[in-house]
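1. Predicted structure and sequence below. I'll ask about it afterward.
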6 protein chains.
Amino acid sequence: MELTHLDSEGKARMVDVGEKSETTREAHAFGRVRMSPEAYKQVRSGYGPKGDIFTVAKIAGIMGGKRTSDLIPLCHPLPINVIDVDYVFKDDEYTIEIRSTAKTKALTGVEMEAMTTVMVTALTIYDMCKAIDKGIELGPFYLLEKRGGKSGIYRRAKETV
Amino acid sequence: MELTHLDSEGKARMVDVGEKSETTREAHAFGRVRMSPEAYKQVRSGYGPKGDIFTVAKIAGIMGGKRTSDLIPLCHPLPINVIDVDYVFKDDEYTIEIRSTAKTKALTGVEMEAMTTVMVTALTIYDMCKAIDKGIELGPFYLLEKRGGKSGIYRRAKETV
Amino acid sequence: MELTHLDSEGKARMVDVGEKSETTREAHAFGRVRMSPEAYKQVRSGYGPKGDIFTVAKIAGIMGGKRTSDLIPLCHPLPINVIDVDYVFKDDEYTIEIRSTAKTKALTGVEMEAMTTVMVTALTIYDMCKAIDKGIELGPFYLLEKRGGKSGIYRRAKETV
Amino acid sequence: MELTHLDSEGKARMVDVGEKSETTREAHAFGRVRMSPEAYKQVRSGYGPKGDIFTVAKIAGIMGGKRTSDLIPLCHPLPINVIDVDYVFKDDEYTIEIRSTAKTKALTGVEMEAMTTVMVTALTIYDMCKAIDKGIELGPFYLLEKRGGKSGIYRRAKETV
Amino acid sequence: MELTHLDSEGKARMVDVGEKSETTREAHAFGRVRMSPEAYKQVRSGYGPKGDIFTVAKIAGIMGGKRTSDLIPLCHPLPINVIDVDYVFKDDEYTIEIRSTAKTKALTGVEMEAMTTVMVTALTIYDMCKAIDKGIELGPFYLLEKRGGKSGIYRRAKETV
Amino acid sequence: MELTHLDSEGKARMVDVGEKSETTREAHAFGRVRMSPEAYKQVRSGYGPKGDIFTVAKIAGIMGGKRTSDLIPLCHPLPINVIDVDYVFKDDEYTIEIRSTAKTKALTGVEMEAMTTVMVTALTIYDMCKAIDKGIELGPFYLLEKRGGKSGIYRRAKETV
């Protein structure tokens, strides 16, 4: 295996995807936001009729995911069929879990879009909660699964935390 | 303490910084990238005369940091005096540690710029190494320190990992 | 009929266009700018050899239209075959009418591109004329026609003003 | 009065704000979205615990407002103290009214930020509702009020619709 | 003199402008577009009542100049008082000369904004004329003058072509 | 031959590429950066283990090239298979030569992407070296070659400098 983003001299390069085939591809990524019990409770109770932290963060994640190739230097601009974000609330760990989905039909995969989406979602939660807890921890973030393309299906062995 | 990004009905809002004072402010954030031993060794040996993964990632982090208010919905656009990125290589843990600095003279702080910088730096390392290790873990990310503004100095008690 | 941008819980979501078919699609939108007689006359006489308000506004509209998916959270990035802008001057109503065209071959339509184009064109006219008339009114804006895709042709019954 | 965005030959130009003074400035703009009764009812009932059309549109409006100088060719990039969006629901007219606020301390005003904010908010509502009503009308949009700067206070005489 | 964009190890870095003083600064840059006689004549005759190549290119240059810090990795985002573009037509050399002006009151200079403006202006002329002459040459581009800041006035000795 | 970017009245317009065929296309562009002997030597010696001016500039060029349709008003957004940048150092002329490659499979060509890439690469070198030489000259820039599409292969007759 080799670092395809580096040429034979170790210089950075964009991978030429011209020889790859246009297939349906999808990727799922995971991320976590952990707060103090006090902050978590305040945020959590605010999730309901009035609290829209999680809507704002989801929107930011989707918009960030659409802009992946603008943020990550060697990423290819891709058509996006859909980007989605879901939350799971782990009340006993004062933790919000974020899962993203990205799908395309393109010459290369959408792993980076899925990863960017969870990370911008988490950053936005951080921004909206930092006034009550500066110690919030974001992460870990990792790829859960990818499908499509020559390398086929990847599924993470376990979700390590 | 209250969630300043939510108004009395729980609707998201941008904080009006018009009453805050323009002072020198800085923030430092931390992030971590952990790889498989095999991937780490390949990347690490590539760090030298030829390997520029870490330059590319640093540049991406700085550019991402400059674009924070474009990514995070309720962030204020700020003048930036400097954004910087440093790496520490933890060879026995197959881990790269990233520390960012952001400085401004403005009505509000640069915590989000420091956080965005470490996260985009990490995402870019991920992008450049995912061909050899899809299981790379990014995080945790957190604020190390902030200075300036009415709330004064914050320094994280311990660096939890 | 249902609000496809909301899931079953009413949460916002991006529509997955993966099942839609790639066809030629086009859309036309309409918008209006109405000024005071004094402002209109000054602007109108300036339309000729020297006055390039309308060129600047058209360019801004096209550039804005190309950036639709960056502005509108749940819009899909699309290839664009062409975006165009035309003006009709209604001298007796001190009104400028704007019509836009957007075309693509894609999995989803370009209505939002056509709408964004007329609105950014109008905003730019406003910007260039606000020094002489702060009371300028923009609108109404609406879709005139769309073609292509499963739902076929839509044509607005009448142009209401 | 003259068109300050045109030079003596009628060519477009950016106004040099170097001689203007840095003062607190604010602007308020108005916009309207009118739907079919059926669409309005569906959207309106969706406004509550689950429906977040209006949160998504508000976020888009704020983000669009922060990007005004990127969209409007001759606008100056400005620091933004705050941008806000409020809705009023006119149930008997199947109409949503949008009001925006923008504030800065800068050499020039934030009218364009206020106008861009209401228009991107309206465009986003359109995007999220066009599946149930393609005939939605956006507008009129106009400036309600501005304060600060040499020209002082402007307040629209009446809200024409 | 030293390369302030490189630290002591030769790694790229953003210069910290926090110690610099906020003063009025301006910069002027120069660029040239040279075409075949046939293309030049066609473009030149098109410059008048109808031809707006040069308006489009000027607008693109101004918009590009406002986005300098987004394009150039280590540039600081700056407030911009004005950016302007002027053309001189050298008919006997089939050449268009472009001069830009950029002004700010900031902690660092606007040389990059002036340079980016002339280069994006030239690129846009190229784009609009490449259908009739693929051999168009852009350049040279250089700084004509800068004022303000600790290093004072710089004025290019001669305009080399 | 006609200026396809102008309509019959000389107004700017975007070309409708809907009738063109989707084929593999590529383009190569050239650009030059010339410095004072002193600056060149300092930069050149810095090219090696530590100096990453050229990596930063290459990354900026690739990112700028990906954003071509955002910068150049009438350019079409395109999928990009690859963008690449190479340097040749002409030590006896204190000159750095830049060559770019852009490839796509699309309805229209990537000449503008190739040109934007060399120009943003050169601008970034300028930015990183202007502290030691304000007189740096950028250019000429021109298209070396293009392939694909109805007009077939273009290859520049000679490299004029």
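-> Sure, I can see it. Numbers count the residues shown, from 1 in each chain, chains lettered A, B, ... in the order given.
2. Just name whatever secondary elements the lowest-mean-pLDDT helix or strand in chain A is in contact with.
-> Across the helices and strands of chain A, mean confidence by mean pLDDT, DSSP states H and E is lowest for helix A:37-45: a mean of 87. Using 3 or more CB pairs under 8 Å, 6 or more residues apart in numbering or on different chains; DSSP states H and E as the contact criterion, helix A:37-45 has no neighbours among helices and strands. The way it works is simple: take the backbone N, C-alpha and C, and place the C-beta from them, glycine included.
3. leaving aside the residues next to it on the chain, what's closest to residue A:65?
-> Leaving out its chain neighbours, the residue that sits closest to residue A:65 by CB to CB, 6 or more residues apart in numbering or on different chains is residue A:117, at 3.5 Å.
4. So that neighbour: helix, strand or coil?
-> Using DSSP: H, G, I helix; E, B strand; the rest coil, the secondary structure recorded for residue A:117 is helix.
5. so what does the host helix or strand of residue A:57 touch, helix or strand wise?
-> Assigned by DSSP states H and E, residue A:57 belongs to helix A:53-66. In terms of contacts (3+ CB pairs under 8 Å, 6+ apart), helix A:53-66 is packed against strand A:82-90, strand A:95-106, helix A:111-129, helix B:68-71, helix C:68-71, helix D:53-66.
6. average pLDDT across that helix?
-> Here helix A:53-66 scores 95 as its mean pLDDT.
7. now stretch A:151-161
-> Mean per-residue pLDDT for stretch A:151-161: 78.
8. Name the residues of that stretch that are buried.
-> Of all the residues in stretch A:151-161, those buried under the rule 16 or more other CB atoms under 10 Å in any protein chain shown are A:154, A:156.
9. Provide the contact partners of it at residue level.
-> A:30, A:32, A:140, A:142-147, B:134-135, B:137 (CB atoms under 8 Å, 6 or more residues apart in numbering or on different chains).
10. Try it again at 10 Å.
-> Surrounding stretch A:151-161, the residues in contact under the criterion CB atoms under 10 Å, 6 or more residues apart in numbering or on different chains are A:27-30, A:32, A:34, A:90, A:93, A:95, A:97, A:109, A:111, A:139-140, A:142-147, B:34, B:130-131, B:134-135, B:137, B:139.
11. didn't residue A:106 look like it was pressed against residue A:69?
-> No - proximity of residue A:106 to residue A:69 does not meet the contact threshold set by CB atoms under 10 Å, at 11.2 Å.
12. So for the two, which sits in the more crowded spot?
-> Per other CB atoms under 10 Å in any protein chain shown, whichever of residue A:106 and residue A:69 has more neighbours is residue A:106, with 23 against 20.
13. pLDDT wise, what is that one at?
-> 93.
14. for it, which residues make a bridge with it?
-> In this entry, residue A:106 is beta-bridged to residue A:23, by DSSP bridges.
15. Quick check: residue A:31 is in a strand.
-> Yes - residue state for residue A:31 (three-state DSSP) corresponds to a strand.
16. need the residues of chain A near chain C, please.
-> Taking CB under 10 Å from any CB of the partner chain as the criterion, chain A approaches chain C at residues A:24, A:26, A:52, A:54-55, A:58-60, A:62-63, A:65-67, A:69-70, A:77-87, A:101-105.
17. re earlier: give me whichever of the helices and strands packed on helix A:53-66 is most buried.
-> Among those, judged by mean count of other CB atoms under 10 Å in any protein chain shown, the one packed with the most neighbours on average is helix A:111-129 (a mean of 28).
18. any idea of the mean pLDDT in that one?
-> Helix A:111-129 carries an average pLDDT of 97.
19. close to chain B, is the helix or strand that it is followed by?
-> Toward the C-terminal end, the helix or strand that comes next after helix A:111-129 (DSSP H and E) is strand A:137-138. Yes - Strand A:137-138 comes into contact with chain B (CB under 10 Å from any CB), by way of A:137-138.
20. what's next to whichever helix or strand comes after strand A:137-138, contact-wise?
-> Counting by DSSP H and E, the element after strand A:137-138 in chain order, helix or strand, is strand A:142-147. Under the contact criterion CB under 10 Å, 6+ apart, strand A:142-147 has outside partners A:23-32, A:99-103, A:109-112, A:114-115, A:118, A:152-156, A:159-161, B:34, B:126, B:130, B:134-139.
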